[in-house]
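Colleague: Below is the sequence, then the predicted model.
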Protein chains: 2
Amino acid sequence: MNPTPAMRRLVVPAREARAVRLATGDRVRIVDLEGRQVGDVFCFAAEDPSEHLSAAHTRTQLGRLFPAVGESFVTDRRRPILTLADDTSPGAHDMLIAACDPARYRAHGVEGWHASCAENLHRSLGTLGLRTSVVPQPVNVFMRIAIEEDGGLTWLPASTRPGDGVTLEAAMNCVLVVSACPQDVVGINGGNETTALAIDLLPVHESPERVPALHDQGETQ
Amino acid sequence: MNPTPAMRRLVVPAREARAVRLATGDRVRIVDLEGRQVGDVFCFAAEDPSEHLSAAHTRTQLGRLFPAVGESFVTDRRRPILTLADDTSPGAHDMLIAACDPARYRAHGVEGWHASCAENLHRSLGTLGLRTSVVPQPVNVFMRIAIEEDGGLTWLPASTRPGDGVTLEAAMNCVLVVSACPQDVVGINGGNETTALAIDLLPVHESPERVPALHDQGETQ
């Protein structure tokens, strides 16, 4: 889906991340522009970034490994922070696997620096003047992890088609970070070719006269 | 199994927690004294408690929902911190569900104060002069969570028999916390009757003359 005139698009370049501030009720759509690309999503409470979206608390609250459309992700203080409002992707997402970081790539045998979602998180928060002492378990949109009966996990290539996306609605004032995962070793990003994502800032349908309080950085159109 | 003369036993009373310092190579056995009781286990690096056992990084490192005997739990810096050395329980454990906390019991409709693993963690670390700003996703020993094909989670009563236990070996100098989970609403602790656990401090077989550097508090025998 191409952005409409009422929609602002923030491109998340391949292997990078972008952070945006959202006000309660704002909606964003995370779009896989070329397909088969995983996004690591983090979210922090605007008034106190030490409160963050927690995969473990979300699983506990919902009794599910991942929210269904209409359900909310909650924080480590069990407060709803983002609602999964829509999903046009094949529906496979993950909340089990940690964000990639320098130690992960060293363990893979990669020599020298390698981009990672953990570094992307810190850098993109920095553009908003924020920092975090923890790298929370991310919401890995479009990531396919199969769970075997014995508890074994298998990393599968993402099956998203170009333009597939998930729509998230802010349940509180928050800071959203989306990292176009630079993982090019384990095959989660189709063919190990990492590509860009987009954060589409959707018009607020509920109150058309309202101007979303979105303060972002980087490319928009 | 009753403690032998060479073994020190630290009882974790029902609904409470205990913290112990472990040196690399020390072994402890977490014992379900009466059966059907879940234990929330946390572990922190001794030299820097901001580094802690991480369920997400352990899943990622091992490609499994829970370590097999012989495998190690790792920290959020991907360093081995505890090795699952032995398991005489039915083998069901959990690393998906967040530690219970006051917000969880409020959501259950409990009025007034209720003991929780999160508060137990803070209190027991305090007895060693330590504190943590985060409540990591715990290792919930003996906890049975069924995963349905659609990602649904079901809380099942623990099936441990009296005396069942798991043996953990410290892979670094660390602080281990075991909370006898006070959850008496959702049925994970058999019949919602919460009971005591024990931390058995095992002799170090590899170097019999070595005195384990265990500094604990509370009841020992």
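Modeller: Yep, that arrived.

Colleague: any residues touching whichever strand or helix holds A:Arg59, and which ones?
Modeller: Following DSSP states H and E, one finds A:Arg59 within helix A:55-62. Helix A:55-62 has contacts (Cβ atoms under 8 Å, 6 or more residues apart in numbering or on different chains) with A:65, A:67-68, A:71-76, A:78, A:95-96, A:136-139, B:55-56, B:96-98, B:104, B:107, B:137, B:153. Heads up, the C-betas are built off the backbone N, CA and C, glycines and all.

Colleague: what pairs with the most centrally placed residue in chain A across the strands?
Modeller: Closest to where the C-alpha atoms of chain A average out (Cα atoms, centre = their mean) is A:Val41, at 2.0 Å. For A:Val41, the beta-bridge partners are A:Val139, A:Val178 (DSSP bridges).

Colleague: cool, and A:Arg21?
Modeller: Beta-bridge partners, per DSSP bridges, of A:Arg21: A:Val175.

Colleague: okay, now the nearest residue to A:Pro162 once chain neighbours are set aside: neighbour count?
Modeller: Once flanking residues are discounted, A:Pro162 sits nearest to A:Gly35: 4.3 Å by Cβ to Cβ, 6 or more residues apart in numbering or on different chains. Per other Cβ atoms under 10 Å in any protein chain shown, the neighbour tally for A:Gly35 reads 16.

Colleague: that older thread, now the element after the helix holding A:Arg59, going C-ward?
Modeller: Sequence-wise, the next helix or strand downstream of helix A:55-62 (DSSP H and E) is strand A:72-74.

Colleague: Near chain B, which residues of chain A are found?
Modeller: A:50, A:54-57, A:59-61, A:63-66, A:76-78, A:96-98, A:101, A:103-104, A:107, A:133-135, A:137, A:147, A:151-155 (Cβ under 8 Å from any Cβ of the partner chain).

Colleague: Show me which of those residues are buried.
Modeller: Neighbour-count burial (16 or more other Cβ atoms under 10 Å in any protein chain shown) is assigned, among the residues of chain A next to chain B, to A:54-57, A:59-61, A:64-66, A:76-78, A:96-98, A:101, A:103-104, A:134-135, A:137, A:147, A:151, A:153, A:155.

Colleague: helices and strands around the longest helix anywhere in chain A, which ones?
Modeller: Across chain A, the helix with the greatest residue count (assigned by DSSP state H) is helix A:117-126. In terms of contacts (3 or more Cβ pairs under 8 Å, 6 or more residues apart in numbering or on different chains; DSSP states H and E), helix A:117-126 is packed against strand A:17-22, strand A:39-45, strand A:174-180.

Colleague: Name the residues of that helix that are buried.
Modeller: Applying a neighbour-count criterion of 16+ other Cβ under 10 Å, the buried positions in helix A:117-126 are A:117-121, A:123-125.

Colleague: where along chain A do the strands fall?
Modeller: Along chain A, counting by DSSP state E, strands occupy A:8-12, A:17-22, A:27-32, A:39-45, A:72-74, A:80-87, A:139-141, A:144-147, A:153-156, A:164-170, A:174-180, A:197-202.

Colleague: want to throw those into CSV with mean pLDDT?
Modeller: Formatted as CSV, the strands of chain A follow (pLDDT from 0 to 100):
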stretch, mean pLDDT
strand A:8-12, 97
strand A:17-22, 98
strand A:27-32, 98
strand A:39-45, 98
strand A:72-74, 98
strand A:80-87, 98
strand A:139-141, 98
strand A:144-147, 96
strand A:153-156, 96
strand A:164-170, 98
strand A:174-180, 98
strand A:197-202, 97
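
Colleague: got those strands as JSON lines, with distance to B:Arg29 columns?
Modeller: JSON lines is the format used below for those (distance: least, Cβ to Cβ, whole Å):
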{"stretch": "strand A:8-12", "distance to B:Arg29": "48"}
{"stretch": "strand A:17-22", "distance to B:Arg29": "43"}
{"stretch": "strand A:27-32", "distance to B:Arg29": "46"}
{"stretch": "strand A:39-45", "distance to B:Arg29": "38"}
{"stretch": "strand A:72-74", "distance to B:Arg29": "35"}
{"stretch": "strand A:80-87", "distance to B:Arg29": "39"}
{"stretch": "strand A:139-141", "distance to B:Arg29": "36"}
{"stretch": "strand A:144-147", "distance to B:Arg29": "29"}
{"stretch": "strand A:153-156", "distance to B:Arg29": "28"}
{"stretch": "strand A:164-170", "distance to B:Arg29": "45"}
{"stretch": "strand A:174-180", "distance to B:Arg29": "41"}
{"stretch": "strand A:197-202", "distance to B:Arg29": "47"}
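
Colleague: Looking at these, which is nearest to B:Arg15?
Modeller: Smallest distance to B:Arg15 across these (Cβ to Cβ): 24.8 Å, for strand A:72-74.

Colleague: Next, the contact list for A:Glu16, please.
Modeller: A:Glu16 makes contacts with A:115, A:120, A:124, A:179-180, as judged by Cβ under 8 Å, 6+ apart.

Colleague: which of those lies closest to chain B?
Modeller: A:Ser179 (15.4 Å; Cβ to the nearest Cβ).

Colleague: Could you give the number of residues near that closest one?
Modeller: 30.

Colleague: hang on, the earlier thing: which of the strands of chain A sits closest to B:Asn189?
Modeller: When the strands of chain A are compared (using Cβ to Cβ), the closest one is strand A:72-74, at 23.6 Å.

Colleague: Measure how far the closest one is from the centre of its chain, please.
Modeller: 13 Å (Cα atoms, centre = their mean, to the nearest Å).

Colleague: picking that back up, could the buried residues of helix A:117-126 be laid out in TSV, adding pLDDT?
Modeller: Listed next are the buried residues of helix A:117-126 as TSV, based on pLDDT from 0 to 100:
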residue	pLDDT
A:Cys117	98
A:Ala118	98
A:Glu119	98
A:Asn120	98
A:Leu121	98
A:Arg123	98
A:Ser124	98
A:Leu125	98
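
Colleague: Let me see the residues that make contact with the longest helix of chain A.
Modeller: Defining contact as Cβ under 8 Å, 6+ apart, one finds that helix A:117-126 is touched by A:15-19, A:40, A:42, A:44, A:49, A:99-102, A:131-132, A:135, A:138, A:175, A:177, A:179, A:181-183.

Colleague: What would it look like as CSV? C-alpha coordinates only.
Modeller: What follows is helix A:117-126 as a C-alpha-only set of coordinates in CSV (Å, rounded to 0.1, in the frame of the first residue of the first chain):
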residue,chain,number,x,y,z
CYS,A,117,19.2,-4.2,16.9
ALA,A,118,20.5,-3.5,20.4
GLU,A,119,22.9,-0.8,19.1
ASN,A,120,20.2,0.5,16.8
LEU,A,121,17.9,0.9,19.8
HIS,A,122,20.4,3.0,21.8
ARG,A,123,21.3,5.1,18.8
SER,A,124,17.7,5.9,17.8
LEU,A,125,16.6,6.7,21.3
GLY,A,126,19.6,9.0,21.5
